[in-house]
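Engineer: Based on what follows, work out the 3D shape:
(chains A and B)
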Amino acid sequence: MVKLKSNDDKEFEVEEAAVIQSEMIKNMIEDGCATSVIPLPNIDSKTLIKVIEYLNKHINMGKAAETGEEDDLKEFDEQFVNMGWEELFDVIMAANYLNIHELMELCCQSAADRLKNKSVRAVREMLKITNDLTEEEEQEIINDAPWAFEGPEIDDTVN
Amino acid sequence: MEPEGDKASHQHPKGRKFTCSAPFFSTSVQDSSFEFPILPADLIYEILLKLPVKSFLKFRSISKSWLGLISSLEFVNTHLSISANNKDFTHHRLMLRFDPPYYGLQDCSFSFSLFNDSVTEAFDLIRYPIKTEIVGSVNGLVCLTIEEKHLLIWNPSIRKFKKLPKPRATTRINSFFMYGAMVRANTCYMYGFGYDEIHDDYRVVVGFRNSGFFKVDMYSVHSDSWRSIDDFPSGVLLMKSGVLVNGKLHWANTDLLNDPSYNAWGIICIDLADGKWGRWINLAMEKVLNLIRRWVFWEVVFLCFANIKEHMPMCGFGRNMGLKSLGQRCLPSNFPMIPPVRQPKAVNGENQPKSDDLGDNLSPE
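Structural biologist: Take a look at the predicted model:
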C-alpha cells in the first residue's frame, strides 16, 4: 500500500498496483522515494478521492479487455466525468500533476465536448475570459470563416 | 492585465510558436470573483487539441491569447497528428465524387461508413458543372484540377482554396502533329500530389505533352512556384495520378513498344524531396499489378490517409460508386483498410524498390 496526503492533511491508502498508473508516483516508488507518506501539495482531499476512485476502477484495465468488462469501464468513465466545471478542472490539474495519461485524456475530452458547440460569448463567460481583441480584430476573425460562427448547434447557454 | 511576455507574442500570432509556459489567462487568479480554478495554458492547450476544426476557428475570437494559441504552427501540426492517429477515426472524413452532369464532391463520416452498409448523411462540398478531377490528397489537403486548366489545393476543413500558378511546361501552341495525327497541346498525361517531409513542403507534379516532348513540372507550396524537372523517362503510363508512398509518387509504366518482353513492365517514381526520377524495370509483374491495383482501388474509393478533417485523415473519393443520393449504399461493410503512408526513408542509389515502397501488403481483397 502507498500512502498519499492531500493539501488539507488527509491521508489515503492506495494499492500500489492502482497508484502506479500515475507516472509521477511510479517514478517515486522506483527511485525509492515513496517509503513513507507522499505529500501532494497541489491536490485537495475532495479531488484526490475522485482520482483514487478512478485509479481503483482502472486498476485492471488490461484484464477488463480480456474478460469483456470494457463496456463496464466505459460506463464508469461516462459517469465519472459527469461533474461540474470546477471539479473537472481540479481533476484535470491533478491528473496533469500526477501524470495519469488516461485520466487526462478522458477529462480533457469531456471539457472539449462541453465547449465545442458553445458560442464565443458563452465560453468567455464560462471561463471568465476578458475579451482583449478590438472590434475590428474580432470582425476580421469572423469574416475569415463566417460559417464557423453559424449553425443550429451553436449553444449560447452558460453551464 | 496580460503579462508582458504574453503580450509580445501576440504581435505576430501567426509566425510564432506558442510557448506553453506563458500564462494563458490574466494573472489575477486570486481574484475572489473567480468561481473555479483557472487552468494553466498548457492544459487549455490540451483541451483545444480535442476540438473539431469548426470549433477552434470560432474560438480564435475569444481573446488574443486564444487567437495566438490556435494560430500557432505547433497547434495546427499537433491537431493534425492527433486527428490522423485517432483509432476510432472520429475525425476522418470520406469524400464521395460524382460523375456528370455535376462534378460534385460530398463528404461523410468515415467511421460511420466503415461500420454501416450505407451512408445516411453526406454534405455537399463543391458542385461544378465542369469537369473536376482529384489529383491526390495528403494530410487533409486535396489537390484538384478543373478541366485540367486550373490546379487548386484545397483544405475542406477550413474551406479554403489556393489557386496554383500555371505550370511552366504549358505552351502557347494549341495543337501539334504526332503519330500522323493532330494532337491537342498541353495535354496533361500525368499528375500527382504529395508531401515532402524532408522539406516540410507540399508538391504537385504535372506532366504535359507538347510536340513530342514530355515535360514535367513540380510545384512547391513553400516557394509558390513551378520548376521543371527531367523529362518523363520513356514508355507508357498505365495510370494518370501518382500513388504517394514514402515521399515518392509512383506510376506503373510499360515500355512494350520498344521492348516487347515482360522486362518492359516497371514502375517509375519521382522523389518529392529532390525531384529526381527513379525507375525500376524488369519487375515481377505482381509488383506492378500491386501498384495498379492500389491505384484503381483509390480511384474507385479513393482513399488517402491524409488526415483532414476534420483534418480528413483519410479522405476517399468514389468515382464510380453510383451514389446518386443520400442513403444509397456507398461502401461495402468489409471495406478494406490501407495503412497510412509513413515518413519517407532516405534512399541512396537503390535501384530496386523495397517491398514496403510498393505496398505489398495492400490489396483490395
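Engineer: Can you give me the domain assignment for chain B?
Structural biologist: B:4-84, B:93-357 (automatic domain parsing).
Engineer: where are the low-confidence patches of chain A?
Structural biologist: Within chain A, the stretches with pLDDT under 70 are A:60-69.
Engineer: ranges for the helices of it?
Structural biologist: A:16-19, A:23-30, A:45-57, A:61-67, A:70-80, A:85-98, A:101-115, A:120-126, A:135-144 (DSSP state H).
Engineer: Pick the most buried one from these.
Structural biologist: helix A:85-98 (a mean of 20; mean count of other Cβ atoms under 10 Å in any protein chain shown). Every C-beta, even on glycine, is put in place using the N, C-alpha and C of the backbone.
Engineer: Is chain B within reach of that helix?
Structural biologist: Yes. Against chain B, helix A:85-98 shows contacts by Cβ under 8 Å from any Cβ of the partner chain at A:85, A:86, A:89, A:90, A:92, A:93, A:96.
Engineer: can you dump the C-alpha coordinates of that helix into PDB?
Structural biologist: Coordinates of each C-alpha in helix A:85-98 appear next as PDB, following Å, rounded to 0.1, in the frame of the first residue of the first chain:
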ATOM      1  CA  TRP A  85     -16.700  22.500 -14.300                       C
ATOM      2  CA  GLU A  86     -14.800  23.400 -11.200                       C
ATOM      3  CA  GLU A  87     -14.500  19.800 -10.200                       C
ATOM      4  CA  LEU A  88     -13.500  18.800 -13.700                       C
ATOM      5  CA  PHE A  89     -10.800  21.400 -13.800                       C
ATOM      6  CA  ASP A  90      -9.500  20.300 -10.400                       C
ATOM      7  CA  VAL A  91      -9.300  16.700 -11.700                       C
ATOM      8  CA  ILE A  92      -7.500  17.800 -14.900                       C
ATOM      9  CA  MET A  93      -4.900  19.700 -12.800                       C
ATOM     10  CA  ALA A  94      -4.400  16.700 -10.500                       C
ATOM     11  CA  ALA A  95      -4.200  14.200 -13.500                       C
ATOM     12  CA  ASN A  96      -1.600  16.500 -15.100                       C
ATOM     13  CA  TYR A  97       0.400  16.800 -11.900                       C
ATOM     14  CA  LEU A  98       0.300  13.100 -11.100                       C
END
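Engineer: From the rest of the structure, what touches that helix?
Structural biologist: Residues from elsewhere that reach helix A:85-98 (Cβ atoms under 8 Å, 6 or more residues apart in numbering or on different chains): A:22-25, A:40, A:42-44, A:46-48, A:50-51, A:81, A:83, A:103-104, A:107-108, A:110-111, A:114, A:126, B:35-37, B:39-40, B:42-43, B:46-47.
Engineer: What of stretch A:108-118?
Structural biologist: The contact list for stretch A:108-118, computed with Cβ under 8 Å, 6+ apart, reads A:81, A:85, A:88-89, A:92, A:123, A:126, A:153-156, B:43, B:46-52, B:55, B:59.
Engineer: Go again with 6 Å.
Structural biologist: By Cβ atoms under 6 Å, 6 or more residues apart in numbering or on different chains, the list of residues contacting stretch A:108-118 from outside reads A:81, A:153, A:155, B:46, B:47, B:50, B:51, B:55.
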